[in-house]
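Trainee: Starting from these lines, generate the structure:
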Amino acid sequence: MKKLKFVVSLTTDDNDYQVEQKESAEQAARKTGSAQKPRAAAPPAASKPRKRPYKEQRELDTLPAAIEKMESEQTALQTTLGDPALFNL
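Mentor: Below is the predicted model:
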């Protein structure tokens with residue numbers, strides 16, 4: 001079974017420990033000659049567009065009606081909240 005090696009990195013570089021680990025990993029890679037080589041560019045995307053699955057096509061077909069319904073609901077809510085009588089206790 002092949003062992004997997006990976007490094008987990010946080011999003012910031014202000015941690016001294018992270019900087020030390022990065023430097024020691026780079027030195028070890030140089031010593032062993034296992035420095036990462038740049039990857040070749042990804043092959044161009046297929047020129048033929050992929051066909052949508054049935055479920056996805058049905059969702060896209062119902063999307064305009066759903067948007068229309070939500071917009072009308074939003075308008076009704078804005079009208080209700082815009083009424084000053086709502087806030088008079």
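
Trainee: Could I get the full set of helices for the chain?
Mentor: With helices called from DSSP state H, the chain shows them at 16-32, 54-82.

Trainee: Dump the ones you listed to TSV, plus distance to N88 and mean neighbour count.
Mentor: To be clear about C-beta, it is placed using only N, CA and C from the backbone, and glycine gets the same treatment. Below are the helices of the chain laid out as TSV (distance: least, CB to CB, whole Å; neighbours: other CB atoms under 10 Å):
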stretch	distance to N88	mean neighbour count
helix 16-32	58	11
helix 54-82	14	10
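
Trainee: will you turn those into CSV that also has distance to L89 and mean pLDDT?
Mentor: Formatted as CSV, these follow (distance: least, CB to CB, whole Å; pLDDT from 0 to 100):
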stretch, distance to L89, mean pLDDT
helix 16-32, 56, 81
helix 54-82, 15, 95
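
Trainee: Output those helices in TSV; the columns should cover distance to K48.
Mentor: Below are the helices of the chain laid out as TSV (distance: least, CB to CB, whole Å):
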stretch	distance to K48
helix 16-32	41
helix 54-82	17
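
Trainee: Alright, I will stop here.
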